[in-house]
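Student: Build the 3D model from these lines:
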Amino acid sequence: MTTGHLSLDAQALYAHMLKDLSKLVPDTAHLVGITSGGAWLAQKLQADMQRHAALGVVSSSMHRDDFSQRGLADSAATHLPFEVDGAVIWLIDDVLFTGRTIRAVVNELFDYGRPAAVHLAVLVDRGARELPVQADYAAARLNLTAGQSLRLTQNDAGQFGFSVEGS
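Tutor: Prediction:
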C-alpha cells in the first residue's frame, strides 16, 4: 500500500469553492456539513461567507449499507439546529465517490423532516458512482484508480490538504 500527499491544492480548491458558493447559495439556505471533511468545509464556509442561517452537521453512520462493518467509529452525531421541514439545504462534502454516503445522509435528513430542496456541493468529484448521485457543484473532478482513496486533511492551523492511499 502506498500513502502520500496529492499535488492537488486543497486550499486553492477551497478558495474556488468559497467564491462560487458565495454566488450560488442563498442567504436563507442552510449549510450542512457531512462528517468529517464536509463538516470542516461547511464550518469554514459559514464563517468566510459570514452567513447567519444556522449551520448543521449530518452523519451517515446510522443509514450506511455497511453499518455492520463500520459501526459508529469515526463519526460525530447529527446536529441540525433548525427546522428541516421546508428548509433549503446545501450538503457540503469533501469527496464524492460511490454516492453511498450521500444516500445515507439524505435518509438521515429525512428522519428530521422534509426539506424544500437538498443540493450537494463537493470539493472533489472523483467519479465512479455506484448510485445515481450527482453534485450540483464540484470544485474539481479527478480520476483515481479503484484501489485508491482520497481524503481531506486539516492541520492544527486549519489549513486543508489531501492524502491519497492505496495503489
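Student: hey, C-alpha coordinates of the longest helix anywhere in the chain in CSV?
Tutor: Longest helix of the chain, by residue count under DSSP state H: helix 10-24. C-alpha atoms of helix 10-24 as CSV (Å, rounded to 0.1, in the frame of the first residue of the first chain):
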residue,chain,number,x,y,z
ALA,A,10,-6.8,21.8,-1.3
GLN,A,11,-6.5,25.4,-0.2
ALA,A,12,-6.9,26.7,-3.8
LEU,A,13,-9.9,24.5,-4.4
TYR,A,14,-11.4,25.7,-1.1
ALA,A,15,-10.9,29.3,-2.3
HIS,A,16,-12.6,28.5,-5.6
MET,A,17,-15.5,26.8,-3.8
LEU,A,18,-15.9,29.8,-1.5
LYS,A,19,-16.1,32.2,-4.4
ASP,A,20,-18.6,30.1,-6.3
LEU,A,21,-20.9,29.1,-3.4
SER,A,22,-21.0,32.7,-2.3
LYS,A,23,-22.9,33.4,-5.5
LEU,A,24,-24.9,30.1,-5.7
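Student: Do I have it right that residue 166 meets residue 151?
Tutor: No - the criterion here is Cβ atoms under 8 Å, and residue 166 misses it with residue 151 at 10.6 Å. For glycine as for every other residue, the C-beta is placed from the backbone atoms N, C-alpha and C.
Student: Just the pLDDT for the spatially most central residue of the chain.
Tutor: The residue lying closest to the centre of the chain (Cα atoms, centre = their mean) is residue 93, at 0.9 Å. For residue 93, the pLDDT comes out at 98.
Student: Please name the spatially closest residue to it (chain neighbours excluded).
Tutor: Counting by Cβ to Cβ, 6 or more residues apart in numbering, the nearest residue to residue 93 once its immediate chain neighbours are dropped is residue 38, at 3.8 Å.
Student: Can you list the buried residues in the host helix or strand of that neighbour?
Tutor: Per DSSP states H and E, residue 38 falls inside helix 37-48. By neighbour count on 16 or more other Cβ atoms under 10 Å, the buried set for helix 37-48 is 37-46.
Student: Point to the helix or strand of the chain where mean pLDDT is at its lowest.
Tutor: In the chain, the helix or strand scored least confidently by mean pLDDT, DSSP states H and E is strand 3-5, which has a mean of 46.
Student: where do the strands sit along the protein?
Tutor: For the chain, the strands defined by DSSP state E cover 3-5, 30-34, 56-58, 88-96, 117-125, 137-141, 149-154, 160-165.
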